[in-house]
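In: can't give you the sequence, but here's the structure:
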């Protein structure tokens, strides 16, 4: 190899080494560059984490602390604002979990205990004990609470509720239906305020008149609550058995902005009365149900404890 070629190769290797060293320094500089520490105090935990991430920094919650600051706000940070630090550092923060002592919201008048529980949880409290009494208010309405609205309670403390069980049932004297025709028995049951749940034929009818009542589930001459369900056994024959048919009921709740309310559908047919639907539904909900009915039938539709429609079932 000539001397000129030798020195040419040495110069090329030196230039390559210099380029590699420059690239390495540039890479280290970009990766480990310095940034200025931002002021995170008062920011939400999520916003602070995003800001640090954009600067190439990580965040760790070191402590959660009760304070007057909103829930989730950053109270302290491990480095003061404007401090210069390398990328890749982890910043420790202290985050607020709100006041330890809270004002108790009012849930009196809320139409369901479920809604009351959700409202309490949204305000940092819990549902305590519940008790139910008869009242003129619709069933499941909140009548009273303890602690009282506006008083102070510790975060997570339970609030006890007094819940309406609806109006107190009226007691009636149970008539003796045995030996009566089924039609007479139905009329009397309706007058007394009972619910005829089921009529069935019995093989143990003896010499009873076909279609007449042989036995009843409620003892005659005893006091029973209005609305109590009644079961009758009748002698075979007569007009006791009416062919069943399937009917579809569709109910649309109004879009009035009110929170969910109870939808109750009660069917009345030749076999008596029965509740076929009783659930909480959202405003604007469209509810469809299939019901089996016997003979002439109608449906009483109640929303939020108020009867809004009585519909004939074809």
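Out: Cool, the structure landed. Predicted model, so just to flag it, every value in this text is computed and none were measured.

In: alpha carbons only for contacts and neighbour counts from here, please
Out: Noted.

In: low-confidence stretches in the protein?
Out: 1-32, 238-243, 257-258 (pLDDT under 70).

In: and the helices in it?
Out: 3-31, 45-54, 113-122, 182-192 (DSSP state H).

In: now the last one: buried residues?
Out: Neighbour counts over helix 182-192 (16 or more other CA atoms under 10 Å) mark 182, 185-186, 188-189, 192 as buried.

In: export those as a markdown table, with columns for distance to residue 262.
Out: Below are the buried residues of helix 182-192 laid out as a markdown table (distance: CA to CA, whole Å):
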| residue | distance to residue 262 |
| --- | --- |
| 182 | 34 |
| 185 | 32 |
| 186 | 29 |
| 188 | 30 |
| 189 | 27 |
| 192 | 27 |
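
In: out of those residues, which one sits closest to residue 102?
Out: residue 192 (51.2 Å; CA to CA).

In: isn't that closest one right up against residue 226?
Out: Yes. Residue 192 sits in contact with residue 226 when judged by CA atoms under 8 Å, with a separation of 7.2 Å.

In: between these two, which contacts overlap?
Out: Jointly contacting residue 192 and residue 226 under the rule CA atoms under 8 Å, 6 or more residues apart in numbering are residue 172.

In: wait, what's in contact with the closest residue to residue 194 other than its chain neighbours?
Out: Excluding its sequence neighbours, the residue lying closest to residue 194 (CA to CA, 6 or more residues apart in numbering) is residue 227, at 4.6 Å. By CA under 8 Å, 6+ apart, the contact list for residue 227 reads 169, 193-195.

In: what two of the residues you listed are the furthest from one another?
Out: Longest distance between any two of these is 12.9 Å, between 169 and 195; criterion CA to CA.

In: just the strands in the stretch 101-250 of the chain please.
Out: 101-103, 126-133, 142-146, 152-154, 158-164, 171-173, 195-201, 213-216, 223-225, 229-234, 244-252 (DSSP state E, counting those that start in this stretch).

In: got those strands as TSV, with mean neighbour count and distance to residue 61 columns?
Out: Below are the strands of the stretch 101-250 of the chain laid out as TSV (neighbours: other CA atoms under 10 Å; distance: least, CA to CA, whole Å):
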stretch	mean neighbour count	distance to residue 61
strand 101-103	18	23
strand 126-133	15	26
strand 142-146	19	35
strand 152-154	15	24
strand 158-164	22	28
strand 171-173	15	63
strand 195-201	18	61
strand 213-216	22	69
strand 223-225	17	60
strand 229-234	21	60
strand 244-252	12	49
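
In: dump the ones you listed to TSV, plus distance to residue 70.
Out: Formatted as TSV, those follow (distance: least, CA to CA, whole Å):
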stretch	distance to residue 70
strand 101-103	12
strand 126-133	19
strand 142-146	26
strand 152-154	16
strand 158-164	22
strand 171-173	54
strand 195-201	55
strand 213-216	64
strand 223-225	53
strand 229-234	54
strand 244-252	41
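
In: nearest to residue 308, out of these?
Out: strand 244-252 (10.8 Å).

In: sheet-wise, list the partners of the closest one with their directions.
Out: strand 286-294 (antiparallel) (DSSP bridges).

In: how about residue 125: what's its closest non-neighbour residue?
Out: residue 156 (4.4 Å).

In: got the phi/psi numbers for that neighbour?
Out: Dihedral pair for residue 156: phi 90, psi -10, per degrees, to the nearest 10.

In: thinking again about what came up before, buried ones only from the contacts of residue 227, please, as a ChimeraX command.
Out: The ChimeraX command for the buried members of the contacts of residue 227 (criterion: 16+ other CA under 10 Å) is given here:
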select :193,194,195
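
In: from the contacts of residue 227, which single one is nearest residue 113?
Out: Once CA to CA is applied, the member of those that ends up nearest residue 113 is residue 169, at 21.3 Å.

In: find the centremost residue of the chain, please.
Out: residue 114 (6.3 Å; CA atoms, centre = their mean).
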